[in-house]
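J.: Sequence plus predicted model, see below.
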Number of protein chains: 2
Amino acid sequence: MGAGSEIEEGSRLEPRFDASGTIPCITVDAETGEVLMVAYMNREALDQTIRTGLATYYSRSRKKLWVKGEESGFVQHVREVRVDCDQDCILIRVSVEGGASCHVGYRSCFYRRLKPGSSSELEFVYPEKVFDPRKVYRPSS
Amino acid sequence: MGAGSEIEEGSRLEPRFDASGTIPCITVDAETGEVLMVAYMNREALDQTIRTGLATYYSRSRKKLWVKGEESGFVQHVREVRVDCDQDCILIRVSVEGGASCHVGYRSCFYRRLKPGSSSELEFVYPEKVFDPRKVYRPSS
């Protein structure tokens, strides 16, 4: 795709869903810009996100929509919807109720980094979890 | 996958490549945290990124590795490699030579956002491009 194409230079949202009908979505904190999570949307999830202002994703494993926070309470209020150059990735800027976005309990899903000098050993980034997932999520019966 | 699993709580990098052998990688500016681009890595690209310290991706369309900036000069020096909770997404924090990461000419690939109140009309985020792609990329012969 050359520079100057309508997809890249145009002013119309034309998300390119992949063969399975989904598009990756990066979710960042609207205040700090920190990347919180990555999930997927299908057309319905994207439309619902835009219409309701609540981040709504599509679970590829469970094959259904989920409104982020519907169980945990950590709802994401969408402040801005961006799209990348070739429109095969969405980015949303959100304000998070309760300040946590990862089901493991951290503020962001990206809570581990490679130790400097290592190619396989991770270290944790945040001093502590925001919440205890055992107290927030009920076990599925 | 329950909380407490080794993938989520462990200290070993065990990236889960998808069926096609790739994993999405979010690239952010190490200084500002701004999301610059999203691309894909296969095992070789990830290993090379870690080994060389230069962001190296895998082009799914051209089916080959590419060192970011090898043509444009906008090389990305990797300061940190993160992984998300279920290890199916990589995030790298980079310093970019020349300050541009999008082949269209902007600092970030996410240079457009939905106009407030619209579900389809985009507006441009940055006042101007960092470079003119016609002067940086040679046309393929």
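T.: Structure's in. What do you need? Quick caveat: nothing in here was measured; it's all calculated off a predicted structure. Numbering: from 1, shown residues only, chains lettered A, B, ... in the order given.

J.: Please verify my assumption that A:I26 contacts A:E34.
T.: No: in terms of C-beta atoms under 8 Å, A:I26 does not count as a neighbour of A:E34; the distance is 11.1 Å. No exception for glycine: its C-beta is placed from N, CA and C like everyone else's.

J.: Compare neighbour counts for the two and give me the winner.
T.: Comparing A:I26 with A:E34 by other C-beta atoms under 10 Å in any protein chain shown, the one with more neighbours is A:I26, at 24 against 16.

J.: is it true that the more buried one lies in a strand?
T.: Yes: A:I26: assigned to a strand according to DSSP: H, G, I helix; E, B strand; the rest coil.

J.: which one is it nearest to, not counting chain neighbours?
T.: Nearest in space to A:I26, with sequence neighbours left out and distances taken as C-beta to C-beta, 6 or more residues apart in numbering or on different chains, is A:L91 at 4.6 Å.

J.: same thing with A:K129?
T.: Here the nearest residue to A:K129 in space, its sequence neighbours aside, is A:G105; by C-beta to C-beta, 6+ apart that works out to 3.4 Å.

J.: now the residue sitting furthest away from the middle of chain A: how far from B:R112?
T.: In chain A, counting by C-alpha atoms, centre = their mean, A:G117 sits farthest out from the average C-alpha position, at 29.3 Å. Counting by C-beta to C-beta, to the nearest Å, the separation of A:G117 from B:R112 is 39 Å.

J.: do you know how far the closest residue to A:V136 other than its chain neighbours is from A:R62?
T.: By the measure of C-beta to C-beta, 6+ apart, the closest residue to A:V136 outside its immediate chain neighbours is A:S72, 5.0 Å from it. Taken as C-beta to C-beta, the spacing of A:S72 relative to A:R62 amounts to 16 Å.

J.: ok, those two, which is more surrounded?
T.: Between A:S72 and A:R62, A:S72 has the larger neighbour count (other C-beta under 10 Å), namely 18 against 8.

J.: how about that one, what does it touch?
T.: Residues touching A:S72, when contacts are defined by C-beta atoms under 8 Å, 6 or more residues apart in numbering or on different chains, comprise A:G98, A:A100, A:H103, A:F131, A:V136, A:Y137.

J.: Filter those residues down to just the buried residues.
T.: When neighbours are counted using 16 or more other C-beta atoms under 10 Å in any protein chain shown, those contain these buried positions: A:A100, A:H103, A:F131, A:V136.

J.: Report pLDDT for the first one.
T.: Turning to A:A100, the model gives it a pLDDT of 85.

J.: With the third one instead?
T.: Predicted confidence (pLDDT) at A:F131: the value is 91.

J.: That one touches A:A100, doesn't it?
T.: Yes: at 5.5 Å, A:F131 counts as touching A:A100 under the criterion of C-beta under 8 Å.

J.: Which stretches in chain A count as strands?
T.: Assignment of strands within chain A using DSSP state E yields the ranges A:22-29, A:35-42, A:56-59, A:64-67, A:76-83, A:90-96, A:112-114, A:122-124.
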